[in-house]
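Asker: model this:
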Amino acid sequence: MPEITRALRALANSRQLPGPRAPGPSNLDTKARGPLHVFCTYAWRIGPSWAMMPPMRKGLITGVVCVSVAVLAGCAPTGEKPDRSSTTTGSEKCDKASLATLKSGVLTFGTDQPAYPPWFADDNPASGKGFESAVAYAVANELGFGAEAVQWVRVPFNAAIAPGPKTFDANLNQFSITDERRQAVDFSAPYYDVTQAVVTLKSSPAAAVTAVDGLRGLKLGAQVGTTSYAAAKALNTSNPVAVYNNNDDAKAALNNGQIDALVLDLPTAFQVQSELTDGQIVGQLPTGSDKPEQFGIVLDKGSSLTACVSDAVDVLRTNGTLAKLQQQWLAEAGHAPDLK
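Answerer: Prediction:
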(Lines give C-alpha, C1' and ligand atoms only; values in the text may rest on other atoms or scores of the structure.)
Protein backbone atom coordinates (compact mmCIF):
# COMPACT_ATOMS: atom_id res chain seq x y z
CA MET A 1 0.00 0.00 0.00
CA PRO A 2 2.76 2.54 0.78
CA GLU A 3 4.13 1.91 -2.73
CA ILE A 4 0.81 2.70 -4.35
CA THR A 5 0.22 5.72 -2.14
CA ARG A 6 3.64 7.14 -2.94
CA ALA A 7 3.15 6.47 -6.65
CA LEU A 8 -0.21 8.20 -6.74
CA ARG A 9 1.12 11.14 -4.72
CA ALA A 10 3.99 11.45 -7.15
CA LEU A 11 1.57 11.38 -10.05
CA ALA A 12 -0.57 14.11 -8.53
CA ASN A 13 2.44 16.36 -8.00
CA SER A 14 4.16 15.73 -11.29
CA ARG A 15 3.47 16.74 -14.93
CA GLN A 16 5.45 13.75 -16.16
CA LEU A 17 3.79 10.39 -16.41
CA PRO A 18 5.96 7.44 -15.25
CA GLY A 19 6.80 4.44 -17.30
CA PRO A 20 6.62 3.85 -21.01
CA ARG A 21 3.97 5.73 -22.97
CA ALA A 22 1.11 3.35 -23.57
CA PRO A 23 -1.62 3.87 -26.17
CA GLY A 24 -4.21 6.31 -24.89
CA PRO A 25 -4.91 10.03 -24.78
CA SER A 26 -2.11 11.99 -26.44
CA ASN A 27 -3.68 15.42 -26.75
CA LEU A 28 -4.13 16.30 -23.10
CA ASP A 29 -3.78 19.93 -22.17
CA THR A 30 -0.87 20.02 -19.74
CA LYS A 31 -2.03 23.31 -18.32
CA ALA A 32 -5.30 21.68 -17.31
CA ARG A 33 -3.72 18.66 -15.61
CA GLY A 34 -4.61 18.29 -12.00
CA PRO A 35 -4.44 15.25 -9.72
CA LEU A 36 -7.63 13.72 -11.10
CA HIS A 37 -6.65 14.42 -14.67
CA VAL A 38 -3.26 12.79 -14.19
CA PHE A 39 -4.77 9.86 -12.35
CA CYS A 40 -7.30 9.28 -15.16
CA THR A 41 -4.55 9.33 -17.73
CA TYR A 42 -2.38 6.98 -15.68
CA ALA A 43 -5.30 4.58 -15.15
CA TRP A 44 -5.89 4.55 -18.92
CA ARG A 45 -2.28 3.82 -19.70
CA ILE A 46 -1.66 1.03 -17.21
CA GLY A 47 -4.34 -1.14 -18.78
CA PRO A 48 -1.96 -3.10 -21.05
CA SER A 49 0.28 -3.99 -18.05
CA TRP A 50 -2.57 -5.19 -15.84
CA ALA A 51 -2.11 -8.88 -16.60
CA MET A 52 1.57 -8.70 -15.57
CA MET A 53 0.90 -7.34 -12.07
CA PRO A 54 1.06 -9.55 -8.96
CA PRO A 55 -2.38 -10.40 -7.52
CA MET A 56 -1.80 -8.28 -4.41
CA ARG A 57 -1.07 -5.17 -6.42
CA LYS A 58 -4.07 -5.82 -8.65
CA GLY A 59 -6.29 -5.85 -5.58
CA LEU A 60 -4.87 -2.62 -4.22
CA ILE A 61 -5.27 -0.75 -7.50
CA THR A 62 -8.73 -2.20 -7.99
CA GLY A 63 -9.71 -0.65 -4.67
CA VAL A 64 -8.47 2.75 -5.78
CA VAL A 65 -10.27 2.47 -9.11
CA CYS A 66 -13.53 1.41 -7.46
CA VAL A 67 -13.45 4.44 -5.19
CA SER A 68 -12.86 6.61 -8.24
CA VAL A 69 -15.34 4.95 -10.59
CA ALA A 70 -17.28 8.12 -11.22
CA VAL A 71 -14.12 9.93 -12.24
CA LEU A 72 -12.87 7.11 -14.43
CA ALA A 73 -16.10 7.21 -16.41
CA GLY A 74 -14.77 10.40 -17.97
CA CYS A 75 -11.37 8.95 -18.88
CA ALA A 76 -12.17 7.76 -22.39
CA PRO A 77 -9.89 9.07 -25.11
CA THR A 78 -10.89 12.46 -26.51
CA GLY A 79 -11.92 12.56 -30.12
CA GLU A 80 -14.11 9.46 -30.00
CA LYS A 81 -17.64 10.01 -31.24
CA PRO A 82 -20.21 9.82 -28.44
CA ASP A 83 -22.95 7.25 -28.62
CA ARG A 84 -25.79 8.52 -30.78
CA SER A 85 -28.32 7.91 -28.06
CA SER A 86 -26.46 10.32 -25.78
CA THR A 87 -26.69 13.25 -28.16
CA THR A 88 -29.86 12.60 -30.14
CA THR A 89 -33.22 11.41 -29.06
CA GLY A 90 -33.90 8.41 -31.30
CA SER A 91 -37.41 7.18 -32.03
CA GLU A 92 -37.66 5.37 -28.70
CA LYS A 93 -37.12 8.67 -26.88
CA CYS A 94 -39.63 10.63 -29.01
CA ASP A 95 -42.76 8.68 -28.21
CA LYS A 96 -45.59 10.44 -26.45
CA ALA A 97 -44.92 8.88 -23.03
CA SER A 98 -41.26 9.98 -23.02
CA LEU A 99 -41.81 13.65 -23.95
CA ALA A 100 -41.70 16.21 -21.14
CA THR A 101 -44.53 18.46 -22.34
CA LEU A 102 -45.99 21.28 -20.23
CA LYS A 103 -49.08 19.18 -19.57
CA SER A 104 -48.75 15.42 -19.33
CA GLY A 105 -50.16 13.72 -22.40
CA VAL A 106 -50.89 17.03 -24.12
CA LEU A 107 -48.90 18.90 -26.78
CA THR A 108 -49.48 22.64 -26.49
CA PHE A 109 -48.95 24.78 -29.59
CA GLY A 110 -48.88 28.56 -29.63
CA THR A 111 -49.63 31.13 -32.31
CA ASP A 112 -50.58 34.81 -32.53
CA GLN A 113 -54.04 36.35 -32.51
CA PRO A 114 -55.40 36.95 -35.02
CA ALA A 115 -53.94 34.01 -36.94
CA TYR A 116 -53.98 34.86 -40.63
CA PRO A 117 -54.63 32.89 -43.83
CA PRO A 118 -53.11 31.06 -45.59
CA TRP A 119 -51.33 29.86 -42.46
CA PHE A 120 -54.54 29.40 -40.46
CA ALA A 121 -58.23 29.55 -41.37
CA ASP A 122 -60.85 31.77 -39.73
CA ASP A 123 -58.49 32.65 -36.85
CA ASN A 124 -59.00 29.11 -35.54
CA PRO A 125 -55.69 27.23 -35.25
CA ALA A 126 -57.42 24.18 -33.80
CA SER A 127 -59.29 23.55 -37.06
CA GLY A 128 -56.32 21.90 -38.77
CA LYS A 129 -56.96 24.19 -41.75
CA GLY A 130 -54.25 26.46 -43.14
CA PHE A 131 -50.64 25.50 -43.78
CA GLU A 132 -49.17 26.02 -40.30
CA SER A 133 -52.18 24.52 -38.51
CA ALA A 134 -51.89 21.45 -40.73
CA VAL A 135 -48.13 21.23 -40.13
CA ALA A 136 -48.70 21.44 -36.37
CA TYR A 137 -51.10 18.51 -36.38
CA ALA A 138 -48.83 16.51 -38.68
CA VAL A 139 -45.90 17.06 -36.27
CA ALA A 140 -48.12 16.10 -33.32
CA ASN A 141 -49.14 12.91 -35.10
CA GLU A 142 -45.51 11.97 -35.72
CA LEU A 143 -44.89 12.34 -31.98
CA GLY A 144 -47.89 10.20 -31.06
CA PHE A 145 -50.36 12.96 -30.16
CA GLY A 146 -53.79 12.70 -31.77
CA ALA A 147 -55.83 15.82 -32.48
CA GLU A 148 -57.63 15.36 -29.16
CA ALA A 149 -54.29 15.65 -27.32
CA VAL A 150 -53.37 18.99 -28.95
CA GLN A 151 -54.14 22.33 -27.32
CA TRP A 152 -53.53 25.91 -28.49
CA VAL A 153 -52.62 29.11 -26.68
CA ARG A 154 -52.33 32.62 -28.10
CA VAL A 155 -49.02 34.44 -27.75
CA PRO A 156 -48.04 37.76 -29.40
CA PHE A 157 -45.32 37.39 -32.03
CA ASN A 158 -42.59 39.23 -30.13
CA ALA A 159 -43.44 37.57 -26.81
CA ALA A 160 -43.02 34.13 -28.35
CA ILE A 161 -39.40 34.78 -29.32
CA ALA A 162 -38.44 36.75 -26.20
CA PRO A 163 -36.24 35.11 -23.54
CA GLY A 164 -37.98 33.39 -20.67
CA PRO A 165 -40.34 30.50 -19.88
CA LYS A 166 -43.03 29.73 -22.45
CA THR A 167 -46.72 28.91 -22.14
CA PHE A 168 -46.41 26.54 -25.11
CA ASP A 169 -44.40 23.49 -26.07
CA ALA A 170 -44.02 24.65 -29.68
CA ASN A 171 -45.12 27.72 -31.65
CA LEU A 172 -45.86 28.24 -35.36
CA ASN A 173 -46.31 31.82 -36.53
CA GLN A 174 -44.12 32.34 -39.59
CA PHE A 175 -40.99 32.63 -37.47
CA SER A 176 -37.94 33.00 -39.68
CA ILE A 177 -34.86 31.27 -38.29
CA THR A 178 -32.16 33.83 -37.45
CA ASP A 179 -28.98 33.72 -35.39
CA GLU A 180 -30.23 36.61 -33.25
CA ARG A 181 -33.43 34.78 -32.34
CA ARG A 182 -31.50 31.59 -31.63
CA GLN A 183 -29.94 33.35 -28.65
CA ALA A 184 -33.35 33.44 -26.94
CA VAL A 185 -35.25 30.41 -28.30
CA ASP A 186 -34.80 27.07 -30.02
CA PHE A 187 -35.88 26.40 -33.59
CA SER A 188 -36.89 23.14 -35.17
CA ALA A 189 -35.64 22.05 -38.55
CA PRO A 190 -37.10 24.42 -41.18
CA TYR A 191 -40.50 23.55 -42.62
CA TYR A 192 -40.83 26.27 -45.29
CA ASP A 193 -38.54 28.39 -47.47
CA VAL A 194 -39.89 31.89 -47.90
CA THR A 195 -39.19 35.16 -49.72
CA GLN A 196 -40.31 38.68 -48.85
CA ALA A 197 -42.63 40.58 -51.14
CA VAL A 198 -44.22 44.02 -51.51
CA VAL A 199 -47.98 44.56 -51.80
CA THR A 200 -49.71 47.83 -52.60
CA LEU A 201 -52.84 49.38 -54.12
CA LYS A 202 -53.19 50.04 -57.82
CA SER A 203 -53.70 53.72 -56.99
CA SER A 204 -50.40 53.95 -55.05
CA PRO A 205 -47.16 55.25 -56.56
CA ALA A 206 -45.67 51.88 -55.59
CA ALA A 207 -47.82 50.18 -58.26
CA ALA A 208 -45.48 51.40 -61.01
CA VAL A 209 -42.29 50.15 -59.33
CA THR A 210 -40.32 47.48 -61.21
CA ALA A 211 -36.97 47.61 -59.38
CA VAL A 212 -35.71 47.89 -55.81
CA ASP A 213 -34.46 51.43 -56.39
CA GLY A 214 -38.02 52.51 -57.09
CA LEU A 215 -39.00 51.62 -53.50
CA ARG A 216 -36.42 53.78 -51.78
CA GLY A 217 -38.35 57.02 -52.09
CA LEU A 218 -41.59 55.49 -50.82
CA LYS A 219 -43.14 55.06 -47.40
CA LEU A 220 -43.12 51.35 -46.50
CA GLY A 221 -44.70 49.52 -43.58
CA ALA A 222 -44.30 46.12 -41.87
CA GLN A 223 -45.24 44.23 -38.71
CA VAL A 224 -43.00 44.84 -35.72
CA GLY A 225 -40.26 42.33 -34.97
CA THR A 226 -40.61 40.43 -38.23
CA THR A 227 -38.06 39.66 -40.92
CA SER A 228 -40.41 41.58 -43.23
CA TYR A 229 -39.60 44.66 -41.17
CA ALA A 230 -35.87 43.83 -41.35
CA ALA A 231 -36.13 43.44 -45.14
CA ALA A 232 -37.91 46.79 -45.46
CA LYS A 233 -35.26 48.52 -43.32
CA ALA A 234 -32.49 46.96 -45.40
CA LEU A 235 -33.76 48.89 -48.42
CA ASN A 236 -32.53 52.13 -46.80
CA THR A 237 -35.60 54.08 -47.81
CA SER A 238 -35.61 57.86 -47.47
CA ASN A 239 -38.61 57.60 -45.13
CA PRO A 240 -38.53 55.56 -41.91
CA VAL A 241 -40.30 52.22 -42.17
CA ALA A 242 -43.67 52.40 -40.40
CA VAL A 243 -44.17 49.68 -37.78
CA TYR A 244 -47.47 47.98 -36.91
CA ASN A 245 -48.51 45.52 -34.23
CA ASN A 246 -50.19 43.21 -36.73
CA ASN A 247 -51.06 42.94 -40.40
CA ASP A 248 -54.60 44.22 -39.89
CA ASP A 249 -53.23 47.54 -38.65
CA ALA A 250 -50.75 47.63 -41.54
CA LYS A 251 -53.51 46.91 -44.08
CA ALA A 252 -55.60 49.72 -42.64
CA ALA A 253 -52.66 52.12 -42.97
CA LEU A 254 -52.20 51.10 -46.61
CA ASN A 255 -55.90 51.60 -47.35
CA ASN A 256 -55.82 55.01 -45.65
CA GLY A 257 -52.81 56.18 -47.65
CA GLN A 258 -50.53 56.41 -44.61
CA ILE A 259 -48.03 54.15 -46.36
CA ASP A 260 -47.37 53.42 -50.03
CA ALA A 261 -46.71 49.70 -49.72
CA LEU A 262 -46.49 46.85 -47.25
CA VAL A 263 -43.70 44.26 -46.92
CA LEU A 264 -44.84 40.72 -46.10
CA ASP A 265 -43.74 37.15 -46.70
CA LEU A 266 -44.90 36.07 -50.15
CA PRO A 267 -47.85 33.80 -49.22
CA THR A 268 -49.20 36.43 -46.82
CA ALA A 269 -48.70 39.12 -49.46
CA PHE A 270 -50.94 37.20 -51.87
CA GLN A 271 -53.54 36.74 -49.15
CA VAL A 272 -53.49 40.45 -48.25
CA GLN A 273 -53.70 41.37 -51.93
CA SER A 274 -56.91 39.35 -52.23
CA GLU A 275 -58.39 41.12 -49.20
CA LEU A 276 -57.60 44.62 -50.46
CA THR A 277 -59.72 46.56 -52.90
CA ASP A 278 -57.50 46.93 -55.99
CA GLY A 279 -54.60 45.20 -54.27
CA GLN A 280 -51.45 44.49 -56.29
CA ILE A 281 -48.26 42.50 -55.77
CA VAL A 282 -45.31 44.74 -56.65
CA GLY A 283 -42.77 41.91 -56.56
CA GLN A 284 -40.36 39.83 -54.50
CA LEU A 285 -37.41 41.37 -52.72
CA PRO A 286 -33.92 39.91 -53.25
CA THR A 287 -32.79 37.70 -50.38
CA GLY A 288 -29.41 39.41 -49.97
CA SER A 289 -27.63 36.06 -49.55
CA ASP A 290 -27.38 32.58 -51.05
CA LYS A 291 -29.08 31.09 -48.00
CA PRO A 292 -32.89 31.04 -48.20
CA GLU A 293 -35.02 32.50 -45.46
CA GLN A 294 -36.73 29.63 -43.67
CA PHE A 295 -39.55 29.24 -41.17
CA GLY A 296 -38.99 27.05 -38.10
CA ILE A 297 -41.08 25.99 -35.13
CA VAL A 298 -40.15 27.94 -31.99
CA LEU A 299 -39.49 26.16 -28.68
CA ASP A 300 -38.18 27.30 -25.33
CA LYS A 301 -34.40 27.71 -25.20
CA GLY A 302 -32.83 24.37 -24.38
CA SER A 303 -36.15 22.52 -24.64
CA SER A 304 -35.91 18.75 -24.38
CA LEU A 305 -38.50 18.59 -27.16
CA THR A 306 -36.45 20.39 -29.82
CA ALA A 307 -34.68 17.36 -31.27
CA CYS A 308 -37.88 15.31 -31.43
CA VAL A 309 -39.84 18.11 -33.09
CA SER A 310 -37.00 18.56 -35.60
CA ASP A 311 -36.99 14.83 -36.29
CA ALA A 312 -40.74 14.98 -36.94
CA VAL A 313 -40.34 17.89 -39.37
CA ASP A 314 -37.56 16.02 -41.19
CA VAL A 315 -39.81 12.97 -41.55
CA LEU A 316 -42.62 15.13 -42.95
CA ARG A 317 -40.22 16.60 -45.49
CA THR A 318 -38.80 13.22 -46.49
CA ASN A 319 -42.16 11.50 -46.90
CA GLY A 320 -43.59 14.36 -48.95
CA THR A 321 -46.15 15.58 -46.41
CA LEU A 322 -44.77 19.15 -46.29
CA ALA A 323 -44.87 19.39 -50.09
CA LYS A 324 -48.48 18.16 -50.15
CA LEU A 325 -49.51 20.65 -47.49
CA GLN A 326 -47.82 23.48 -49.37
CA GLN A 327 -49.69 22.49 -52.51
CA GLN A 328 -52.96 22.34 -50.60
CA TRP A 329 -52.70 25.60 -48.67
CA LEU A 330 -50.12 27.79 -50.40
CA ALA A 331 -50.67 27.03 -54.09
CA GLU A 332 -52.55 30.31 -54.59
CA ALA A 333 -49.45 32.23 -53.56
CA GLY A 334 -48.17 31.86 -57.15
CA HIS A 335 -45.25 33.70 -58.66
CA ALA A 336 -44.45 37.36 -58.22
CA PRO A 337 -41.92 39.31 -60.31
CA ASP A 338 -38.41 39.61 -58.91
CA LEU A 339 -37.38 43.14 -58.04
CA LYS A 340 -33.75 43.70 -59.00
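Asker: can you give me the neighbour number for residue 123?
Answerer: Using other CB atoms under 10 Å, residue 123 is surrounded by 15 other residues. Any C-beta I mention is one placed from the backbone N, CA and C, and that applies to glycine too.
Asker: check contacts around the closest residue to it other than its chain neighbours.
Answerer: Excluding its sequence neighbours, the residue lying closest to residue 123 (CB to CB, 6 or more residues apart in numbering) is residue 114, at 4.5 Å. Going by CB atoms under 8 Å, 6 or more residues apart in numbering, residue 114 touches 123, 246, 248.
Asker: residues in contact with residue 201?
Answerer: By CB under 8 Å, 6+ apart, residue 201 lies in contact with 207, 254-255, 276-280.
Asker: how does it look with 7 Å?
Answerer: 207, 254, 276, 278-280 (CB atoms under 7 Å, 6 or more residues apart in numbering).
Asker: in strands, which of those fall?
Answerer: If you go by DSSP state E, those have 279-280 in strands.
Asker: can I get the contacts of residue 201 in a markdown table including neighbour count, distance to residue 98 and pLDDT?
Answerer: Output for the contacts of residue 201, formatted as a markdown table (neighbours: other CB atoms under 10 Å; distance: CB to CB, whole Å; pLDDT from 0 to 100):
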| residue | neighbour count | distance to residue 98 | pLDDT |
| --- | --- | --- | --- |
| 207 | 15 | 55 | 97 |
| 254 | 26 | 48 | 98 |
| 276 | 17 | 48 | 94 |
| 278 | 12 | 54 | 95 |
| 279 | 21 | 48 | 96 |
| 280 | 17 | 51 | 96 |
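Asker: residue 175 and residue 181, how far apart?
Answerer: Plainly put, residue 175 is 7 Å away from residue 181 if you go by CB to CB, to the nearest Å.
Asker: got it, and residue 124?
Answerer: According to CB to CB, residue 124 stands 27 Å off from residue 181.
Asker: before we move on, the earlier item: give me the common contacts of residue 175 and residue 181.
Answerer: In contact with both residue 175 and residue 181: residue 161, using CB under 7 Å, 6+ apart.
Asker: looking at those two, which one has more neighbours?
Answerer: Higher neighbour count among residue 175 and residue 181: residue 175, with 22 against 19, using other CB under 10 Å.
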